[in-house]
Structures are given as structure tokens and as C-alpha cells.
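Asker: Predicted model, plus sequence, below.
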Amino acid sequence: MNVGEINVLLIQDNFGEANLIKKMLHHSSFIEGESAALNTTQVNNLAEAERHLQQHPCDIILLDISLQDSDALETIHQLKEDYPQTPLIVLSDQTNPQMLREAIQHGAQDILPKDALTTNLLIKGIHSTLERYRLLLELKSRASQLENQNLALNDFAHTVAHQIQGLLSQMVGYASLVDSHYQEELSQPAKQAVDQIMQSGYKMNNVITELLFLASMRSEDIEANALDTQRILKEVLKRLRYEIRATKAEIIMPDNWPTAMGYAPWIEEVWLNYMSNGLKYGSKENVRPILRLGATPEGNGMIRFWVADNGPGILKNDRKRLFKPHTRMTSKKIRGEGLGLSIVWRIIKKSGGKVGVDSEEGVGSCFWFTLPEAKLTS
């Protein structure tokens with residue numbers, strides 16, 4: 001995009017509405033201290049848009065999702081798939097909250113209501129979308145630099161970069177939805193959008209925490225100490241408070257724990273991964289999760305810590321691949337990126353222990369890890 005010039009592609013098949021929007025877009029605005037002209041090209045459908053974009057790349061797309069010759073969500077998906085670097089704003093007369101949420105999930109950066117559209121709202125929406133998109137591109141660029149600078153974390157950083165980008169896209173999308181539609185009062189759809197932002201925020205925070213902590217695993221200065229498991233689990237419960245509240249989960253654990261040796265921040269991450277997976281996938285449909293935590297001395301100088309759930313169990317073939325990096329399970333009962341359990345395996349291996357899972361289909365699963373028992377000093 002040239003400074004002082006924004007090229008806009010308007011996809012709109014209603015002649016009257018198209019003319020009104022083009023008149024709005026002729027107004028100038030203010031970007032970084034310089035006047036910015038909005039140059040608008042209007043097409044009637046997705047096919048015309050594709051032909052135009054192949055010859056004339058634009059800075060932003062305005063899409064009316066009421067096009068008569070195409071499905072709204074499929075059109076959004078197709079445009080984001082073919083032109084992922086071009087931000088997209090949806091112009092909508094829809095009031096269905098589910099439809100609006102799905103538009104965001106399919107790749108729209110913002111949604112503007114046609115029935116309340118003004119020149120100021122439209123121009124503000126374009127400029128704020130471009131600014132947010134610029135920040136997202138900066139984040140992606142910095143993530144790429146992180147990949148190049150940390151060769152030992154290359155694969156992990158690549159995965160995390162994609163996760164953060166996806167989570168942040170949802171967060172800014174929902175925030176924009178609230179800002180555009182519900183400035184005066186917080187309606188039920190707005191509450192749902194805010195709730196989604198909170199969920200993504202918690203997930204993003206845990207991803208970033210895992211990135212930082214995994215990078216610390218390269219340090220050779222870390223020493224194992226006697227672990228206060230009760231204190232570690234208290235911190236884990238704080239980090240999982242939203243998921244526990246949302247799932248109405250029951251957590252059952254003993255009052256006293258045997259003392260093992262390890263590095264507390266690492267072991268906290270192990271408990272977090274096991275318990276998080278248990279909350280997400282460790283219960284049957286329409287049944288709240290029940291997680292039982294415990295520890296059992298093995299008699300060979302090692303202590304086995306475990307998290308048992310009341311879920312549907314895991315297929316035998318899937319159990320063999322659970323702890324491998326970047327593994328996706330074939331079973332529909334096991335979802336997610338396969339990232340957390342590979343971290344668990346690396347932590348426990350460096351801590352001198354082992355990991356595993358015992359599971360029976362229809363009964364539940366018990367994920368465990370072992371650590372050296374702390375030696376009593378006289």
C-alpha cells in the first residue's frame with residue numbers, strides 16, 4: 001500500500017448500495033499524519049473479484065455477504081485461501097450471532113452493519129483493520145526471525161507462530177465485532193464474543209508460556225530440587241481456572257504428596273498439560289470431567305505421578321504415538337495439535353523419568369510420569 005493511497009475492492013451486486021458505499025469511500029481520512037485517498041473498484045461477484053485480483057492486487061476487500069449468486073461463508077473462505085495477505089471486511093445485514101461468529105472464524109477481520117453504516121464508521125473500520133493487520137504481519141515477521149535465530153527450537157517456533165497468529169486473529173476479530181456493534185450496551189451476542197476473546201486469551205497465554213519455558217530447557221544451569229507438589233498444583237489450578245469453571249470439572253487430589261526431585265517450573269508444565277488434556281478430552285459427552293490426581297512410589301527409587309480421567313479412553317494404536325512431536329491422532333476422540341505431550345516427554349526425559357498412559361476404551365485414561373524420589377537427609 002502506498003502512503004496516501006488505499007486500494008479498495010468492493011464486492012457488491014446491489015447497484016444502489018454499491019453507489020452509496022463508493023460515495024462514502026471518496027472521503028479522505030488521516031493516516032500517520034498524511035491524507036489517504038481511498039481508490040475503489042467495484043465488482044458484482046466472486047468470479048469477477050478473482051479476475052480483478054489476479055491483475056490488480058488491492059489493499060483491502062469489502063465483501064457484502066448478501067451476494068445472490070454465492071454462499072457467504074464459502075466466499076469468505078475462498079477469498080482468504082486465495083489471497084491470505086489481503087485483509088477482508090464483511091458488510092452485513094445479518095443479525096444472527098452464529099453467522100457473525102462463523103464469518104470471523106472463516107477469516108473476516110471485521111464486520112460492519114449495513115443498516116447503521118456511516119462514512120466515519122466505514123473509514124474507521126478500514127483504517128483500524130489495516131493497522132491490526134499490519135501488527136499481525138509484524139508478529140509473523142518476528143516469529144520468523146525467532147525461528148532463524150533459534151535453530152534448536154525451529155520446529156516448535158514454527159508451530160507456535162501459527163498458533164499465536166490464529167488465536168490473535170480470532171481475538172481481534174471478536175473485539176472488532178464488539179466495538180462495531182455493541183458500543184452502547186453489552187447484548188447477549190456481545191457477551192458471547194467477549195467470552196470467546198477470553199478463551200483465546202487464556203490459550204494464547206499458555207502457548208507463550210510453553211514457548212518461553214521450552215527455550216529455558218536449553219540451559220545447563222538448572223538444578224533439580226525437592227518438589228513441593230502441593231504448591232505446584234496450586235499454580236496449575238490458577239492457570240486452568242477458566243477451563244475448570246467452563247467445564248464444571250471436579251478435581252480430586254490427596255492432601256499429602258511424596259517428595260520427588262525435579263525442576264519446579266518444568267514439572268508444573270507437565271501437570272498443566274496432563275490436566276488440560278483431561279479437561280478437554282477426558283470425559284464422555286454431556287458428562288462433566290472428573291480428574292483424580294495421585295502419586296505412587298514404585299519401590300525402585302522412582303515415584304509415579306498420575307492424572308486419571310472419566311473419558312472414553314484411547315485406542316491402542318493412538319496410545320503408541322501420543323508422546324511423539326507434532327502427532328495428530330486418527331481417533332476422533334483425540335483432538336489438538338499433539339504439541340503438549342511431546343513437551344511432557346522432553347521434560348521428563350531430561351528429569352530422569354519416564355512417561356506413559358494406561359487406558360481402556362469406555363472406561364477412561366490414566367496419564368503418568370515418573371521422577372526420582374528425594375533422598376532423606378539425616
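Answerer: That came in fine, so what should we check first?

Asker: and residue 23, backbone torsions?
Answerer: The phi and psi values for residue 23, taken as degrees, to the nearest 10, are phi -60, psi -40.

Asker: State the distance from it to residue 322.
Answerer: 59 Å (C-beta to C-beta, to the nearest Å). The way it works is simple: take the backbone N, C-alpha and C, and place the C-beta from them, glycine included.

Asker: Compare these two (neighbour count), which wins?
Answerer: residue 322 (22 against 11; other C-beta atoms under 10 Å).

Asker: That one against residue 344, yeah?
Answerer: No. Counting by C-beta atoms under 8 Å, residue 322 does not reach residue 344; the two are 9.4 Å apart.

Asker: Reduced to three states, what does the spatially most central residue of the chain come out as?
Answerer: Geometric centre of the chain, nearest residue: residue 167, 3.2 Å, by C-alpha atoms, centre = their mean. Recorded secondary structure, residue 167: helix (DSSP: H, G, I helix; E, B strand; the rest coil).

Asker: Would you state the helices of the stretch 201-350 of the chain in chain order?
Answerer: All helices of the stretch 201-350 of the chain, identified by DSSP state H, counting those that start in this stretch, fall at 229-239, 241-247, 264-281, 316-319, 340-350.

Asker: Which one of these lies nearest to residue 119?
Answerer: Across the helices of the stretch 201-350 of the chain, residue 119 has its closest neighbour in helix 241-247 (39.7 Å, C-beta to C-beta).

Asker: In that closest one, which residues are buried?
Answerer: Within helix 241-247, the residues that qualify as buried are 243, 244, 247, counting by 16 or more other C-beta atoms under 10 Å.

Asker: just checking, the first one touches residue 277?
Answerer: Spelled out, that is residue 243. No. Here residue 243 lies out of contact with residue 277, judged by C-beta under 8 Å, at a distance of 10.6 Å.

Asker: Make TSV from the helices of the stretch 201-350 of the chain and add mean pLDDT and distance to residue 6 to it.
Answerer: Shown next, in TSV, are these (pLDDT from 0 to 100; distance: least, C-beta to C-beta, whole Å):
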stretch	mean pLDDT	distance to residue 6
helix 229-239	92	42
helix 241-247	84	39
helix 264-281	89	42
helix 316-319	78	50
helix 340-350	85	42
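
Asker: looking at those helices, which is buried most?
Answerer: helix 264-281 (a mean of 22; mean count of other C-beta atoms under 10 Å).

Asker: where does the stretch 251-378 of the chain have low pLDDT?
Answerer: Within the stretch 251-378 of the chain, the ranges that satisfy pLDDT under 70 run 282-283, 325-339, 376-378.

Asker: Tell me which stretches of it form strands.
Answerer: 261-262, 290-297, 302-308, 355-360, 364-372 (DSSP state E, counting those that start in this stretch).

Asker: mind checking which of the ones you listed is nearest residue 318?
Answerer: Of all the strands of the stretch 251-378 of the chain, strand 355-360 comes closest under C-beta to C-beta, at 8.9 Å.

Asker: List the pairing partners of the closest one within its sheet, with orientation.
Answerer: As defined by DSSP bridges, the strand partners of strand 355-360 come to strand 364-372 (antiparallel).

Asker: Go through the partner strand and flag the buried ones.
Answerer: 364, 365, 366, 367, 368, 369, 370, 371.

Asker: For the fourth one, list the residues it contacts.
Answerer: Think residue 367. 274, 277, 278, 306, 307, 355, 356, 357 (C-beta atoms under 8 Å, 6 or more residues apart in numbering).

Asker: any idea how far it lies from residue 97?
Answerer: 37 Å.

Asker: now do the fifth one
Answerer: Computed with C-beta to C-beta, the distance linking residue 368 and residue 97 is 42 Å.

Asker: can I assume residue 192 sits in a helix?
Answerer: Yes. Assessed by three-state DSSP, residue 192 belongs to a helix.

Asker: Could you pull up the residues touching it?
Answerer: By C-beta under 8 Å, 6+ apart, the contact set of residue 192 is 97, 101.

Asker: if I look at it, how far off is residue 313?
Answerer: Here residue 192 is placed at a distance of 32 Å from residue 313 (C-beta to C-beta).

Asker: Would you map the strands across the stretch 51-200 of the chain?
Answerer: Secondary structure of the stretch 51-200 of the chain (DSSP E, counting those that start in this stretch): strands at 60-64, 88-92, 110-113.

Asker: Make TSV out of those and add mean neighbour count, distance to residue 233 and mean pLDDT.
Answerer: Below are the strands of the stretch 51-200 of the chain laid out as TSV (neighbours: other C-beta atoms under 10 Å; distance: least, C-beta to C-beta, whole Å; pLDDT from 0 to 100):
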stretch	mean neighbour count	distance to residue 233	mean pLDDT
strand 60-64	23	48	91
strand 88-92	23	44	90
strand 110-113	22	41	88
